[in-house]
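Chemist: show me the folded form of this:
(chains A and B)
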Amino acid sequence: MKILVCVKQVPDTETRIKIGSDKKSIDATDINWILNPYDEYAVEEAIQIKEKQGDTIVTVISVGPERSVSALRTAVAMGADEAILVKTDDDAYLDSLAVAKALVSVIKELEFDLILCGKQAVDDDNLQVGPMVAELLELPCVTFIADLKLENGKATAKREIEGGTMVIETSLPAVLTAEKGLNEPRYPALRGIMMAKRKPIDERQLQYIEPKIDVVSVEYPPTRKGGKIVGEGAEAVPELVKLLKEEAKVI
Amino acid sequence: MQASREVFWNISYHFLLYPLAIVAVGLFVYGFYRRIRIWKLGKSQQITGSFGQRLKLLLIFAFGHARILKEKYPGIMHALIFIGFAILFLGTVTVSFDYDIWHLLLGQSSFLVGDFYKIFSLILDIAGVLAVIGILIAMFRRFVQRPQGLNQSADQSLALIWILFILVTGFMVEGARIAATIPKPSWEIWSPVGMALSDFFPTGTLGWYQWLWWIHMLTALGFIAYIPYSSRLRHIFTSATNIYLRSQKPMGELSAIDIEHAETFGAGKINDFSWKQLLDLDACTSCGRCQDQCPAFNSDKPLSPKKVILDLLDNLNKKSSQLIKGESLEGEAPLVGSAVQADEIWACTTCAACVEACPVFIEQIDKIVELRRDRVLMDGDFPNELNQTFKGMENNFNPWGIGFSSRADWSEGLNIKRLDQGQQAEYLWFVGCAGSFDDRIKKVSQSFTRLLNSVGLDVAILGAEEKCCGETARRLGNEYLAQTLMEMNVEMFNELGVKKIITFCPHCFNTLKYEYPQFKGNFEVVHSTQLLAELIQTGKLKIKPNNSPKITFHDSCYLGRYSNIYEQPRQVLKAISGNGLIELKRNREQSFCCGAGGGRMWLEENLGQRINHLRTEEIISCQVKTVASACPYCLTMITDGLKDKDAIDSIDALDIIELVEKNLSS
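Modeler: Numbers count the residues shown, from 1 in each chain, chains lettered A, B, ... in the order given. Okay, the predicted model is just below:
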């Protein structure tokens, strides 16, 4: 079986984001880049399938600048077999469709039985690439999967939906996007890291794809105002209730 | 007639003793040759230190019993057996020299005559009595009292019975010989035990004497031959060798793995240990002192350091013939999961109470760390919760995983220089992750900043450029992550020209001081308690007089046992509290861990009792107003313990730094 996992390198979730001078992008200095956490679930799932059924090749692919190699190496250290980087310029802005097209250009050549993605990248939160890849390849797509079983050339996935669970069966090949809880991604062992270091990465240059959307601006969320101490003990209650009603308008 | 004893008196075929002795010694030598061959299955390891230093160790700790006597009852018991046996051995050698070499070979007349013989006899009789007393105590302890720490096995029991048998038959031979001599020589009063026993044997007949003589000789020779094959008796030599070869490096320095060149990491198979580590296993006398001190064992967790050592030894013995034949252990299950269980190795707090207690200098912690290394580095197999801890250290350089750029946020509004902003200072204050990210410990950082400012010490922090020191990752077996962090810090320190470092975290202290030199990081490292003691002594910090508020001090393992800093924190506390300083029941070298070391801070504690509860109960029983600590982990664990025990309102848990600041005379 051939499984492809599409991954993205994103800033660490704890990063204190600074807005770049163009007010449209983030300042890339002083950022620790990591493998997108949702993509980790996808990589882990692919490796678990490989461990379970054997005779499987797991390929990871990323569209991004040179630094994305480290995210690919993390995936290889976890257990992926091959890695492809579709290299972009450092400051190139790609919208989701451009990324999906770039991915598809490679996927078309290679053919896969299963394509896994994280449900979203935690940096720009578009949740679009997975479904777009499916659309461009005319493949079925199941998003937000929290459980996956492969049997007789079919995939059965569970989706967590508001107030319940939905079970979906799909033929393969298909594109599935991973939700938190799908599995517990492994921490790569040093043995894997050392092997990943030696593994060549198939680097290709991105053919320029015109983005169809443009980011106009990015802004910080409003800073939170400090709290207020109304008083102490039972005497303060009427004042508190009054303020909650009139000022905060929550009761 | 002159006092003396004729060797081989009335023993026919006594010349048979010589070939028998050669056989016994041959078996003895062969037995140890086999043990040495087993140790050599381990990886190479350099031994440092001079012959003189090592001889001193042997004299103090083996012959001198310095550590064995730390526990009085078994210590004295052992000393009696040891002294008794040593003298008897020397006596036998003297007799043999006198007869075989001096008399037979050199043709001189015996020197074991007259007054010298009398005193010689007396000393040997006394030695025999001491050994018998020691053995009887040992038997009482083993068979009647049966302390939890002792392993009961046939080999252990046989050793005691055998020794007692040799001693008793020796005295009986003497008694029967005296009885057989007519008339009883008057000088035999110098062999008081033999003289007393002679009344129980028929006078003037040789039968008893001759039988007993052969029985005594054969069991004694058999004993010599048996020593290397008995795990119990072997210790006479393996433990002494281990004492002689005691590690010369600081207790807190773990060995570095050469990551680029090593083929395997840690100990997955028994021969992944070094030869010295294998000797360590063989040196174990299973006395149980490590287990008695172990906080994990004492809180009903599956770990006993003794059991780990003996289980590894068992594995070594089982695998040795395969390995000696040159067969590889590839494909066999790793040690963790077969010889030792995962719950055991992850329960260790690396508090070193076991290392401190071991009378023969076995290093239990380095074995446990090697086993952790194998699990983490080879298979990424470790408790789930560490996933976040490791990732936090990897991506944000702190185990909390909080954004690294907020590392110095605690210092907002305070006056402290920043090396990361181009300022310079004599000292780098390495704040550490706890001091930077833990809300409670940040207050200690703020307090320390104010204290440092008040004495005008030229000190700066690294701000957001500081990275976790690597201590926790290293003890959790993640050597790769640890080395990455250590190398990043060393590179930056060297770039910034750092020479002197202050830290209030004993874990950072240990790693910066003892482990950074492995990565070309040679700095003078000072702990806050050392600095405070000096500042108070030189009068730069003035403490206001008070009426001895009751304070107790909890020794941090890494400050105390690891770095031998016991006095400075007490000097500071005495300056504050005078006679109000009350020692905890377990203090200094015997201090009981808070439960957070060895990366346990980041692991769930869901087996047995909570270690910090045991320690907190000890603190509460002291009826103090304040418990002082000098370690962020300890402070966290004790604070949590006091909360759980509903004592947080009656006892303040403070770092010594905060106590000093509170008691400054303005």
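
Chemist: tell me which parts of the stretch 1-150 of chain A are close to chain B?
Modeler: A:12, A:14-16, A:30, A:32, A:34 (CB under 8 Å from any CB of the partner chain). Where C-beta positions appear, they are placed from N, C-alpha and C, glycine not excepted.

Chemist: dump the residues you listed into TSV; add neighbour count and pLDDT as well.
Modeler: Listed next are these as TSV, based on neighbours: other CB atoms under 10 Å in any protein chain shown; pLDDT from 0 to 100:
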residue	neighbour count	pLDDT
A:12	19	93
A:14	18	89
A:15	20	88
A:16	13	87
A:30	12	85
A:32	16	90
A:34	23	95
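
Chemist: which of those fall in strands?
Modeler: Mapping the residues of the stretch 1-150 of chain A next to chain B onto strands (DSSP state E) picks out residue A:34.

Chemist: could you pull out the strands in the stretch 151-251 of chain A for me?
Modeler: Assigned by DSSP state E, counting those that start in this stretch, the strands in the stretch 151-251 of chain A fall at A:154-161, A:164-171, A:175-178, A:202-205.

Chemist: relative to chain B, which of these is closest?
Modeler: Of all those, it is strand A:175-178 that lies closest to chain B, at 16.9 Å by CB to the nearest CB.

Chemist: excluding chain neighbours, what is closest to the residue in the stretch 451-600 of chain B positioned nearest to chain A?
Modeler: Residue nearest to chain A within the stretch 451-600 of chain B (CB to the nearest CB): residue B:480, separated by 4.6 Å. Leaving aside its chain neighbours, residue B:480 sits nearest to residue A:190 (4.6 Å; criterion: CB to CB, 6 or more residues apart in numbering or on different chains).

Chemist: count of residues packed around residue B:190?
Modeler: 20 (other CB atoms under 10 Å in any protein chain shown).

Chemist: what residues are up against it?
Modeler: B:3, B:117-119, B:121-122, B:125 (CB atoms under 8 Å, 6 or more residues apart in numbering or on different chains).

Chemist: what about the residue of the stretch 451-600 of chain B closest to chain A, neighbour count?
Modeler: By other CB under 10 Å, neighbour count at residue B:480 equals 23.

Chemist: any idea how far it is from residue B:435?
Modeler: Distance of residue B:480 to residue B:435, computed by CB to CB, to the nearest Å: 25 Å.

Chemist: also residue B:152?
Modeler: From residue B:152 to residue B:435 the distance is 49 Å (CB to CB).

Chemist: out of those two, which sits in the more crowded spot?
Modeler: Using other CB under 10 Å as the criterion, residue B:152 and residue B:435 rank with residue B:435 on top: 27 against 10.

Chemist: in a helix, residue B:428, correct?
Modeler: No: counting by DSSP: H, G, I helix; E, B strand; the rest coil, residue B:428 is located in no helix; its state is strand.

Chemist: so residue B:48, which state does it fall into?
Modeler: Quick answer, by three-state DSSP: residue B:48 is coil.

Chemist: near residue 250, how many other residues are there?
Modeler: Since no chain was named, I'll use chain A. 7.

Chemist: that's the wrong chain, I wanted chain B
Modeler: 14.

Chemist: follow-up on the earlier one: so the residue of the stretch 451-600 of chain B closest to chain A is in contact with residue A:193, correct?
Modeler: Yes: counting by CB atoms under 8 Å, residue B:480 does reach residue A:193; the two are 6.8 Å apart.
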